[in-house]
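*Asks:* Sequence plus predicted model, see below.
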Number of protein chains: 2
Amino acid sequence: MRGGCLNPTCQTIILNPKEIPKKERFLTERIKGILRKRLGEEELSFGLLFLRKIPEFLRKEEPFKVVLLKEGGGLKIVDCVRMEEPVLGMAIDLGSTTIAFYLYDFEKQSLLEEYSILNPQVKYGEDILTRLHLARSKEKLLELREITLASLNQELQSKGGNSIYFVSLCGNTAMTHFFLGLPIMDLLVEPYVPVANWFDIFSSKEVGLLINEGGRIFIFPSAGAYFGGDLIAGLFYLELSKKENPCFLIDIGTNAEVVLGNKDFLLACAGAAGPALEGGVFKSGCRAEEGAIHQISIHPSQRKLEFATLGGAKPKCLCGSAIIDLLAQLFKFGILSPDGKLKKELWPERIIEVEEGLAFIIYQDPQITLAITEPEIKSFLRSKGAAFSMLSLLCEKVGLDFSAIEKFYFAGSFGVNINVNSAVTLGMLPEVALKKAEAVGNSAGLGALKLLIQWQIEEVKNILHSITYLELNNEPRFMELLTGAMFIPHVNLELFPQVKRIFKI
Amino acid sequence: MRGGCLNPTCQTIILNPKEIPKKERFLTERIKGILRKRLGEEELSFGLLFLRKIPEFLRKEEPFKVVLLKEGGGLKIVDCVRMEEPVLGMAIDLGSTTIAFYLYDFEKQSLLEEYSILNPQVKYGEDILTRLHLARSKEKLLELREITLASLNQELQSKGGNSIYFVSLCGNTAMTHFFLGLPIMDLLVEPYVPVANWFDIFSSKEVGLLINEGGRIFIFPSAGAYFGGDLIAGLFYLELSKKENPCFLIDIGTNAEVVLGNKDFLLACAGAAGPALEGGVFKSGCRAEEGAIHQISIHPSQRKLEFATLGGAKPKCLCGSAIIDLLAQLFKFGILSPDGKLKKELWPERIIEVEEGLAFIIYQDPQITLAITEPEIKSFLRSKGAAFSMLSLLCEKVGLDFSAIEKFYFAGSFGVNINVNSAVTLGMLPEVALKKAEAVGNSAGLGALKLLIQWQIEEVKNILHSITYLELNNEPRFMELLTGAMFIPHVNLELFPQVKRIFKI
């Protein structure tokens, strides 16, 4: 560590007061002189905190560290600290449900901690639309901003506070607006216009983050109302725009967002494909949480159904991957028809009449019944059809066949849990995805972390400007594609030759 | 005003929401599009306040103004306001005794108000050295900073508050340190090292000024511990560094600071020549304030002494110009010898014995006696000798004769009140000053105001870097010069041929 660290976002340089020549008639000029020897002719400026602290450090005659942040074209000397003080950064993925934190030590070049908390906004509404409607009132917008800040600040203070010099934050467009207190009226009506795409690097004070008072924050830009900074961060992490062959980045959460691209292009679209796979649409559905059934296998001939819950807990709900698993198997055994109808006679113990029509019972105890109804299956088919149609549309737009795709990257927890086989069986993904799918975890958070480590703001800007965003509402072809894709696996079975062969449809 | 103002520091541009094309998918891009048409390819960035306010302004469909500040190489859009809101700047001369304010309307291009208040630091000590010693304690430094800020903020809030977007502030090195809360330990011991010379343009929030939250502040740099931002501002105002022929800028206040220069060089020195001319050294002395005697004429043969007070008030004290007037006349009538002795026998009613020696009584009533003692006269002679020696030294350094000087500019209130004739008679100024002296008022404050109006930060930087500062302590020649200059008018009468001729010395 001797000599400091040369991280491009946040550097430290160790100075020994005894070795600083005293020729210059200003303390800052003396510091500049010695830093120039290490940094060359980079433009140097001084923050107020540093100016207030430096005289005492120079008097102590013990080595100390100066902390420098990238600013504009040069470096800003923001602080001086004792040798033993850490110099940290925090990457934050401000998700609408959970907030993920990545605490990074610039000097040790290591990730110290990675964890997540529940977004406190959830109490204002599970889905973003509820919160957006609420935030039409200035007071509520301010309230959303304040609880978000309070929650972030609690973490930032407990994980380093003044030792944190840089925050790299990504979130979808609504999250970014809430965080900065930007009015969201225009996000609620067509043509869904965010206030800003690119943000200046703000000072921590300006934004209200309780980190070092000379600290700064980079917020990933949005490419559209439904294509937020989290996706840009994901693209930055995956380096889609540097790939030779085209790849898909698929992020299915509250929304479904898909990007197709390589070094030559980035084409994106987003739609409400997601909700059907999470809580909200399915009465028994939920996100991947403790007690969620995430795997199901059925043996209809033996009248047997087995499942696994997350954390091995008592079953509480069904997460998206379990629904996909179940429906794929029901289809496989002929219990579910291509148009989403349950065949009661094939498993009457589990398929029962309820108010909404037929329902398949997955689990029942005196407290709860976990089931899936025919209207819910319809809704799922629409969602999975939308996902497939989005993939198809993007390929069509650039004249590519699915076979030309090198990778199908799945972001988020959905990607980690999904059984690709089941998804292909249902026609949610094309067959080629079987060998090319790769779960990449929280690519948004990892992108924010990558920015802390590698800086590369220009690369983020390039990604932002390379993206062509297709507004599905303006794409009649999307509706055509969707019509055929709402069946299992698809109206056109030639698109799913393996499924056709295996199931002998 | 239609179309806004194009002041280089702070611009406004009038936008009509109805005329803003709605093609772009971000509000900021729409604004950028229309601003580009007015501003060309200047780099534009957006402040948080603007982002928070713009959606509502666009919805109102009424013309409004956007406010832009120079930042880095481009322009930052910091605010949007209703048409009737003013867009202001404030120049501040943070003097150690008085603080002068200049409220400027960027759009009307006019100075709205110019006034001054007492520096609240005075209660911590009339002279700067007392305050500097006090501020060695962190708590006291903070206290000095806080009372200064509170005082400035009271004015800023009452004169515009949020409508003030830019503050241009100058002050001597100690004042700047107090204002920013910079430790002053190194200003108190040789080699008198200030923390910084050049300051970044700070945000109002960072510094603690209660102006517009997107507002910024420029602080004039120091060229040394005893050559502060007030003098740099004065040089900037007078454009000394653009003159063809060399000129003097002479600022006699608590300290005496002298700069000699033209387009080719700027040579400066400073010394404690001032105190003897103000309160502190003279028991009866004071600054130019109400009740101060500022003019004196004597008629010894008629045993008559006439004087005028500032504001026509009851006499309270003597300001520097009156002392110069009086001593010059006492010398003229032979009552004061070249080495500063009073001749009691020539005016026994007024020249009396006191504890310190002889004293000349100027005014007496049952409450006060205004007088000047021989030790005080000695002290004055040392001060006037120092002033003359500083002028001589600077000329010698560049090989110039006084006759080559085009102008003797006097800054500050001392310059306005001084009787140049009297000063020359006493040998404080060379004889050529008689025709070349010019009082320039508060050139520091006017320099700060000029920056608001014309920006030209680079010019200020050039001035800073052009200055060569002579440390008088390191100049043995100064002591030589001083020895001869402590007499009236000088040991070498050839330097004052007119005085010699008139007084037939």
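*Replies:* Received it, and whenever you're ready, just let me know what you need. All values derive from a computational prediction rather than experimental measurement.

*Asks:* Got the confidence number for residue A:505?
*Replies:* We note a pLDDT of 63 for residue A:505 in this prediction.

*Asks:* Next, the buried residues of the worst-scoring helix or strand of chain A on mean pLDDT.
*Replies:* Ranked by mean pLDDT, DSSP states H and E, the helix or strand of chain A with the weakest confidence is helix A:412-417, at a mean of 72. Neighbour-count burial for helix A:412-417, with 16 or more other CB atoms under 10 Å in any protein chain shown as criterion, is recorded at A:412-415, A:417. Yep, even glycine has a C-beta here, placed from its N, CA and C like the rest.

*Asks:* which one among the residues you listed gets closest to residue B:304?
*Replies:* residue A:412 (98.3 Å; CB to CB).

*Asks:* Is it possible to get TSV of the buried residues of helix A:412-417 that adds distance to residue A:313?
*Replies:* Below are those laid out as TSV (distance: CB to CB, whole Å):
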residue	distance to residue A:313
A:412	22
A:413	17
A:414	20
A:415	22
A:417	16
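
*Asks:* From those residues, pick the one nearest residue B:270.
*Replies:* Taking CB to CB as the measure, residue A:412 is the one of those closest to residue B:270, at 66.3 Å.

*Asks:* Thought residue A:249 was touching the closest one, still the case?
*Replies:* No: assessed by CB atoms under 8 Å, residue A:412 is found out of contact with residue A:249, at 10.6 Å.

*Asks:* Could you pull out the residues contacting both of these two?
*Replies:* Listed as contacting both residue A:412 and residue A:249 by CB atoms under 8 Å, 6 or more residues apart in numbering or on different chains are residue A:443.

*Asks:* Spit out the contact partners of residue A:235.
*Replies:* So residue A:235 contacts A:241, A:249, A:259, A:261, A:266, A:447, A:463, A:467 (CB under 8 Å, 6+ apart).

*Asks:* In terms of helices and strands, where is it?
*Replies:* Counting by DSSP states H and E, the element that carries residue A:235 is helix A:229-238.

*Asks:* contact partners of stretch A:445-453?
*Replies:* A:7, A:9-10, A:89-93, A:100, A:102, A:104, A:106, A:109, A:111, A:166, A:168-170, A:218, A:220, A:232-238, A:440, A:456-457, A:460.

*Asks:* again with stretch A:311-320
*Replies:* Residues contacting stretch A:311-320 (CB under 8 Å, 6+ apart): A:252, A:277-279, A:282, A:284-294, A:307, A:309-310, A:326, A:362-363, A:368, A:370, A:372, A:414, A:417-418.

*Asks:* How about the residues of the stretch 401-505 of chain A by chain B?
*Replies:* For the stretch 401-505 of chain A, the contact set with chain B under CB under 8 Å from any CB of the partner chain comprises residue A:469.

*Asks:* which stretches of the stretch 401-505 of chain A form strands?
*Replies:* In chain order, the stretch 401-505 of chain A shows strands spanning A:407-411, A:437-441, A:467-470, with DSSP state E, counting those that start in this stretch as the criterion.

*Asks:* So which other helices or strands are in contact with the second one?
*Replies:* Other helices and strands packing on strand A:437-441, by 3 or more CB pairs under 8 Å, 6 or more residues apart in numbering or on different chains; DSSP states H and E, are helix A:229-238, strand A:407-411, helix A:412-417.

*Asks:* If we use 10 Å, what do you get?
*Replies:* helix A:229-238, strand A:247-252, strand A:407-411, helix A:412-417, helix A:420-425 (3 or more CB pairs under 10 Å, 6 or more residues apart in numbering or on different chains; DSSP states H and E).

*Asks:* do you know which of the ones you listed lies nearest residue A:127?
*Replies:* Comparison of those against residue A:127 by CB to CB identifies strand A:247-252 as nearest, at 14.7 Å.

*Asks:* Mind listing what's buried along that closest one?
*Replies:* A:247-252.

*Asks:* With stretch A:310-329 instead?
*Replies:* A:310, A:315-329.

*Asks:* next one: stretch A:353-362
*Replies:* In stretch A:353-362, counting by 16+ other CB under 10 Å, buried: A:358-362.

*Asks:* Repeat that for stretch A:5-24.
*Replies:* Buried residues in stretch A:5-24, defined by neighbour count with 16+ other CB under 10 Å: A:5, A:7, A:9-13, A:15, A:17, A:20, A:24.

*Asks:* quick one: average pLDDT of it?
*Replies:* Here the average pLDDT along stretch A:5-24 is 90.

*Asks:* And for residue A:96, nearest residue in space, chain neighbours not counted?
*Replies:* residue A:128 (5.2 Å; CB to CB, 6 or more residues apart in numbering or on different chains).

*Asks:* same check, this time on residue A:454
*Replies:* residue A:8 (6.6 Å).

*Asks:* what's the closest of the helices and strands packed on strand A:437-441 to residue A:392?
*Replies:* Of the helices and strands packed on strand A:437-441, nearest to residue A:392 by CB to CB is strand A:247-252, at 11.3 Å.

*Asks:* For the helix or strand just after the closest one, which strands pair with it and how are they oriented?
*Replies:* Next along the chain after strand A:247-252, taking DSSP H and E as the criterion, comes strand A:256-261. Paired strands of strand A:256-261, with direction, are strand A:247-252 (antiparallel), strand A:266-271 (antiparallel) (DSSP bridges).

*Asks:* Dump those strands to TSV, plus distance to residue B:336 and mean pLDDT.
*Replies:* As requested, the strands paired with strand A:256-261 are exported to TSV (distance: least, CB to CB, whole Å; pLDDT from 0 to 100):
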stretch	distance to residue B:336	mean pLDDT
strand A:247-252	92	91
strand A:266-271	89	91
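
*Asks:* Dump those strands to a markdown table, plus distance to residue A:194.
*Replies:* Output for the strands paired with strand A:256-261, formatted as a markdown table (distance: least, CB to CB, whole Å):
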| stretch | distance to residue A:194 |
| --- | --- |
| strand A:247-252 | 18 |
| strand A:266-271 | 13 |
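
*Asks:* Please name the residues that touch the residue nearest to residue A:9 when sequence neighbours are not counted.
*Replies:* Counting by CB to CB, 6+ apart, residue A:455 is the residue found nearest to residue A:9 once chain neighbours are left out, at 4.7 Å. By CB atoms under 10 Å, 6 or more residues apart in numbering or on different chains, the contact list for residue A:455 reads A:7-10, A:70, A:166, A:168, A:218.

*Asks:* Give me the phi and psi angles of residue A:455.
*Replies:* For residue A:455, the backbone dihedrals (degrees, to the nearest 10) come out as phi 60, psi -100.

*Asks:* roughly how far apart are it and chain B?
*Replies:* Per CB to the nearest CB, to the nearest Å, residue A:455 is found 18 Å from chain B.

*Asks:* cool, and residue A:75?
*Replies:* In this view, residue A:75 and chain B are 12 Å apart by CB to the nearest CB.

*Asks:* Leaving out sequence neighbours, find the closest residue to that residue.
*Replies:* The spatial neighbour of residue A:75 that comes closest, neighbours along the chain excluded (CB to CB, 6+ apart), is residue A:68 at 4.5 Å.

*Asks:* Could you say which helix or strand holds that neighbour?
*Replies:* Assigned by DSSP H and E, residue A:68 falls in strand A:64-71.

*Asks:* who are the neighbours in contact with the most centrally placed residue in chain A?
*Replies:* Compute the mean C-alpha point of chain A, and by CA atoms, centre = their mean the closest residue is residue A:444, 3.8 Å away. By CB under 10 Å, 6+ apart, the contact list for residue A:444 reads A:91-95, A:100, A:170-172, A:220, A:228-237, A:251, A:253, A:411-412.
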